[in-house]
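S.K.: Model the following, please.
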Amino acid sequence: MLVLFFRLWELGWKHFRHLESLDYSENKQAYFSNNHTTWWPWVKKHILLAPLGKKRHNREIRLSSAVNIGTLPSRFHTVLLGCYYLSNFIYCMMLDYSNPNRYEVLAELRGRTGMIAAVNMIPLIILAGRNNPLIRMLKISFDTYNLLHRWIGRIFVLEALIHTLAWTIDEVASDGWAGVSSKITSDPFIGCGTAGVTAAFLILITSPSAVRHAYYETFLNAHIIFAMVTVLVVLVHCQKGQLPQVPYIQTVIVLWSLDRLARVARNIWYNCSYKAGFTKATVECLPGDACRVTLHLPRHVIIYPGSHAYIRFLNVRPWDSHPFSIAMTKDVSRSPELPSVEKPGKLILDRSKLRTDVSFIIHAQTGWTRQLHTKGLEYSPRRVTAYALFEGPYQGNHSLDSYGTVLLFAGSSGISHQLPFLTHLLSGHAAGTVATRRITLVWIVRDVEHLEWVRPYMDEILKLPSRKEILTIKLFITRPHNPREIISPSSTVQMYPGRPNVRLLTETVVKERVGAMCVTVCGPGSLADNVREAVRDSQDVGVVDFIEESFTW
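M.R.: Next up is the predicted model:
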């Protein structure tokens, strides 16, 4: 509830700032560029934006080139999870220790751990869902909820194990190990409980980051199966014992079913049309082991900047779906007639006669993305058309319309996340609907040929009105074949060999900012951590917000 009230206040303030900043005068935004308290910048710097330690947050902790053990939660997430764990511990430990019968105390512990484990299953299933309503309500990313899901899952398994251990100790004291074995095999109440905790334990031991990253598809399928088994047998366990936790488990089943139904509904609605048929995809292989994938949806879809979607190809491991940032959208007419209705003074598009093309940049790594790239190479001229499924759009919660200055960092294919913001803000500036007066895009790529990934999109962006007035693009080529060949085409599109000095770039833009400033980053974990550090160091200078887009699985 505290986060909810904070988000409501934050959204209200941004809306007010947006309205007040629509005046084209830069002086109008001067008030919003400065801090008006000392405590709020301190909170942002040392709690909300702070990594757990000194710097590392989204950069993976690698044991070797093939094995990593995941990322670290932020300082705020650590505090939040610490309070959550502490509340669970206090609830479980508030027992009647004055009771001289230790087995009765143990039975009380068994009841409390069973109760709180059942309760934890509700947030556990909500936070795992792609259609989690809290994402839009609180403007918190799925990646953050996925982090909370993993940690709540760990305490759920721990409580289930303690619940089982407490029963086992009591049963051994009463009837010995023979009694334990007999009840597990002959009593459905005990048997289902044992099956549930076994499935939960299997989830725990197959979920470490090293396993997830090495065998992600196997992990995901096993995770879903074990979770279904856990929920179903725990429901039977509670029903057989006539326990009060039955409504909790039923709620879990309903929530899980609603998420799955929503996903099926999305797939049917966005990919099937009686008039236009089914979604088809064009896969075009690009230099640098990348693919430009364009999904031709049969319907018109409204997609906000910062959105991502899951893609599934029917001829490339159709049981797999993976999330990718949406790089560009284009509305196309489904009929030869102009899909518009004329009204005095303006032209209104008839969306019923439009469909949407959605484009992605997919950098081939291993597994599914590598197979997709290989499939495209089999055809000439490195282009293939296939049936596909589009599941989304998800997120797109962050609005940059109220910021006078926007600094966008992108690493490699992370440019996909930033392009829609560029298009939206430039179009909004020309129409007078956004507060943005200065935009700087910093894109880091390995080779010059990687620029080809977004050439058609950039050509459209560079033609937008007022682009030269407010947009500066800085391209950094980290491994050029010949550094002398890196020549800036203009003063607003600059190219440099090597890696950028993130801190210096951020400080320069902060000094020249207009109004409130937002820094966003989408790219490798090391880049995100460098940008986060630079933004934290700028909190004392003025209003500088930070948004990180990441997919940590």
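S.K.: Next, the contact list for Ile253, please.
M.R.: Val231, Leu235 (C-beta atoms under 8 Å, 6 or more residues apart in numbering). Backbone N, C-alpha and C define where each C-beta goes, glycine included.
S.K.: what's the next secondary structure element after the helix or strand containing it?
M.R.: Assigned by DSSP states H and E, Ile253 falls within helix 246-271. Moving toward the C-terminus from helix 246-271, the next helix or strand (DSSP H and E) is strand 272-273.
S.K.: Quick check: neighbours of that following strand in the sheet, parallel or antiparallel?
M.R.: Next to strand 272-273 in the sheet, as set by DSSP bridges, lie strand 277-278 (antiparallel).
S.K.: residues in contact with the strand it pairs with?
M.R.: Against strand 277-278 from outside (C-beta under 8 Å, 6+ apart): Asn271, Cys272, Pro298, Tyr387.
S.K.: pLDDT of that strand, averaged?
M.R.: The pLDDT scores in strand 277-278 average 89.
S.K.: again with stretch 88-96
M.R.: pLDDT averaged over stretch 88-96 gives 94.
S.K.: how about that stretch as PDB, C-alpha atoms only?
M.R.: Once non-C-alpha atoms are left out, stretch 88-96 reads as follows in PDB (Å, rounded to 0.1, in the frame of the first residue of the first chain):
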ATOM      1  CA  ASN A  88       7.500 -14.600   8.000                       C
ATOM      2  CA  PHE A  89      10.000 -15.600  10.700                       C
ATOM      3  CA  ILE A  90       8.200 -13.700  13.400                       C
ATOM      4  CA  TYR A  91       4.900 -15.200  12.500                       C
ATOM      5  CA  CYS A  92       6.400 -18.800  12.600                       C
ATOM      6  CA  MET A  93       8.300 -18.200  15.800                       C
ATOM      7  CA  MET A  94       5.500 -16.700  17.900                       C
ATOM      8  CA  LEU A  95       4.800 -20.000  19.700                       C
ATOM      9  CA  ASP A  96       3.700 -20.900  23.200                       C
END
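S.K.: gap between it and the chain center?
M.R.: Distance of stretch 88-96 from its chain centroid, counting by C-alpha atoms, centre = their mean, to the nearest Å, is 34 Å.
S.K.: Any buried residues in it, and which?
M.R.: Asn88, Cys92 (16 or more other C-beta atoms under 10 Å).
S.K.: Run through who's touching it.
M.R.: Glu104, Val105, Glu108, Leu109, Arg112, Thr113, Ile116, Asn120, Ile155, Glu159, Ile162.
S.K.: how does it look with 7 Å?
M.R.: The contact list for stretch 88-96 (C-beta atoms under 7 Å, 6 or more residues apart in numbering) reads Val105, Glu108, Leu109, Arg112, Thr113, Ile116, Ile155.
S.K.: just curious, which of those is nearest to Asp447?
M.R.: Ile155 (45.4 Å; C-beta to C-beta).
S.K.: Surely the closest one forms part of a strand?
M.R.: No. Ile155: not assigned to a strand; according to DSSP: H, G, I helix; E, B strand; the rest coil it is helix.
S.K.: Settle this for me: it is touching Leu86, isn't it.
M.R.: No. Using C-beta atoms under 7 Å, Ile155 makes no contact with Leu86, being 10.7 Å away.
S.K.: which one of the two has more residues nearby?
M.R.: Ile155 (18 against 10; other C-beta atoms under 10 Å).
S.K.: now Arg317: how far from Val172?
M.R.: Look at Arg317 and Val172: by C-beta to C-beta, to the nearest Å, they are 48 Å apart.
S.K.: Return the set of buried residues in stretch 49-61.
M.R.: In stretch 49-61, counting by 16+ other C-beta under 10 Å, buried: Leu49, Ala50, Pro51, Leu52, Arg56, His57, Asn58, Arg59, Glu60.
S.K.: contacts for stretch 482-495?
M.R.: Lys468, Leu471, Thr472, Ile473, Lys474, Leu475, Ile477, Pro480, Tyr496, Pro497.
S.K.: 6 Å instead, please
M.R.: Stretch 482-495 has contacts (C-beta atoms under 6 Å, 6 or more residues apart in numbering) with Lys468, Thr472, Ile473, Lys474, Leu475, Ile477, Pro480, Pro497.
S.K.: next one: stretch 386-403
M.R.: Contacts for stretch 386-403 (C-beta under 6 Å, 6+ apart): 14, 17-18, 139, 266-267, 270-271, 279-281, 295, 297, 303-304, 306-310, 312-315, 406, 434-435, 516, 518, 547.
S.K.: gap between the two ends of that stretch?
M.R.: Using C-alpha to C-alpha, to the nearest Å, the end-to-end distance of stretch 386-403 comes to 41 Å.
S.K.: what's the offset of that stretch from the middle of its chain?
M.R.: Distance, centroid of stretch 386-403 to centroid of chain: 11 Å (C-alpha atoms, centre = their mean).
S.K.: repeat for stretch 488-499
M.R.: Distance, centroid of stretch 488-499 to centroid of chain: 31 Å (C-alpha atoms, centre = their mean).
S.K.: same deal with stretch 260-271?
M.R.: Stretch 260-271 sits 19 Å away from the centroid of its parent chain (C-alpha atoms, centre = their mean).
S.K.: list the buried ones in that stretch?
M.R.: Arg263, Arg266, Asn267, Tyr270, Asn271.
S.K.: next structured bit after the helix or strand hosting Arg355?
M.R.: In this structure, Arg355 sits in strand 354-363 according to DSSP H and E. Next along the chain after strand 354-363, taking DSSP H and E as the criterion, comes helix 368-377.
S.K.: how does the chain divide up, domain by domain?
M.R.: With domains defined by automatic domain parsing, the chain comprises 13-48+398-549, 75-263, 272-340+349-395.
S.K.: which outside residues touch stretch 114-124?
M.R.: By C-beta under 6 Å, 6+ apart, the list of residues contacting stretch 114-124 reads Asn88, Tyr91, Ile152, Gly153, Phe156, Glu159, Ala160, His163, Gln245, Tyr248, Thr251, Val252.
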